[in-house]
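> no sequence on this one, just coordinates:
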């Protein structure tokens with residue numbers, strides 16, 4: 001018989017579980033929550049892509065990831081700064097849909113702090129001469145052979161900062177779905193100023 005978790009019928013415990021899973025996604029690169037789908041765009045032009053979770057703040061109710069400032073999603077977010085995240089953990093049987101408003105951080109204190117923590121290998125992503133999605137006549141990583149082979153110093157990687165941005169999403173709602181043979185559970189958490197409205201939904 002399937003054993004029900006302690007949060008099965010408890011909204012407060014579900015809410016705690018949500019932030020525990022997000023924290024696990026931040027700390028553990030093998031966690032399914034480490035690489036959510038990020039969806040942005042207007043009604044008939046929305047698109048999704050995998051991003052790497054780089055930060056969470058439960059008190060400020062925000063999550064963030066890094067991006068090349070030249071990527072297409074930056075242009076989309078500038079015209080329509082709303083977005084959704086989709087998380088799913090097969091072993092936990094939990095899906096999260098997070099919605100919020102987006103802030104693009106570029107060459108400010110937030111990006112300076114994040115860039116300083118960005119590893120030598122991760123900086124590689126920002127060292128290409130052309131932005132992500134640029135057309136090319138032949139298959140390529142977009143990087144020179146030197147950069148492809150990580151043959152650059154941390155000092156040489158500093159040039160990549162000009163292409164680096166931090167995308168913060170200030171959460172307006174979280175929708176939770178737990179899949180269970182004995183009955184699914186679905187709940188929603190809406191943020192209104194400093195108030196969290198917690199309620200059940202039909203799965």
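That came through fine. Since we're looking at a predicted model, the values are computed, not measured. Numbering: from 1, shown residues only.
> Quick check, central residue of the protein?
With distances taken as CA atoms, centre = their mean, residue 53 lies nearest the centre of the chain, 4.3 Å away.
> Can you classify that residue as helix, strand or coil?
For residue 53, the secondary-structure state derived from DSSP: H, G, I helix; E, B strand; the rest coil is coil.
> is it true that it touches residue 32?
No. Contact status for residue 53 versus residue 32: not in contact, 10.6 Å apart, counting by CB atoms under 8 Å. For glycine as for every other residue, the C-beta is placed from the backbone atoms N, C-alpha and C.
> Overlap in contacts, those two.
residue 25 (CB atoms under 8 Å, 6 or more residues apart in numbering).
> before we move on, back to that, in contact with the residue nearest to the centre of the chain, which residues are there?
Contacts of residue 53 by CB under 8 Å, 6+ apart are 22, 25, 26, 33, 34, 35, 36, 63, 65.
> give me that answer again for 6 Å
25, 26, 34 (CB atoms under 6 Å, 6 or more residues apart in numbering).
> Give me the nearest residue to the first one, chain neighbours excluded.
Meaning residue 25. Distances taken as CB to CB, 6 or more residues apart in numbering place residue 33 nearest to residue 25, at 2.8 Å, with adjacent residues excluded.
> Who does the lengthiest strand in the chain pair with, and is each partner parallel or antiparallel?
For the chain, the strand with the greatest residue count under DSSP state E is strand 164-178. Paired strands of strand 164-178, with direction, are strand 62-68 (antiparallel), strand 94-105 (antiparallel), strand 185-192 (antiparallel) (DSSP bridges).
> which of the ones you listed is buried the deepest?
strand 62-68 (a mean of 21; mean count of other CB atoms under 10 Å).
> what's the average pLDDT for the lengthiest helix in the chain?
Looking across the chain with DSSP state H, the single longest helix is helix 11-27. Mean pLDDT, computed over helix 11-27, is 98.
> nearest to residue 79, of the strands paired with strand 164-178?
strand 94-105 (11.2 Å; CB to CB).
> Next SSE downstream of that closest one?
Following strand 94-105 in sequence order, the next helix or strand is helix 109-117 (DSSP states H and E).
> Outside of that following helix itself, list whatever touches it.
For helix 109-117, the surrounding residues in contact (CB under 6 Å, 6+ apart) are 105, 161, 164, 166.
> swap the cut-off to 8 Å and go again
Identification of contacts with helix 109-117 by CB under 8 Å, 6+ apart yields 54, 55, 66, 105, 161, 164, 165, 166, 168.
> Residue 33 - how many residues pack around it?
Applying other CB atoms under 10 Å, we find 24 residues neighbouring residue 33.
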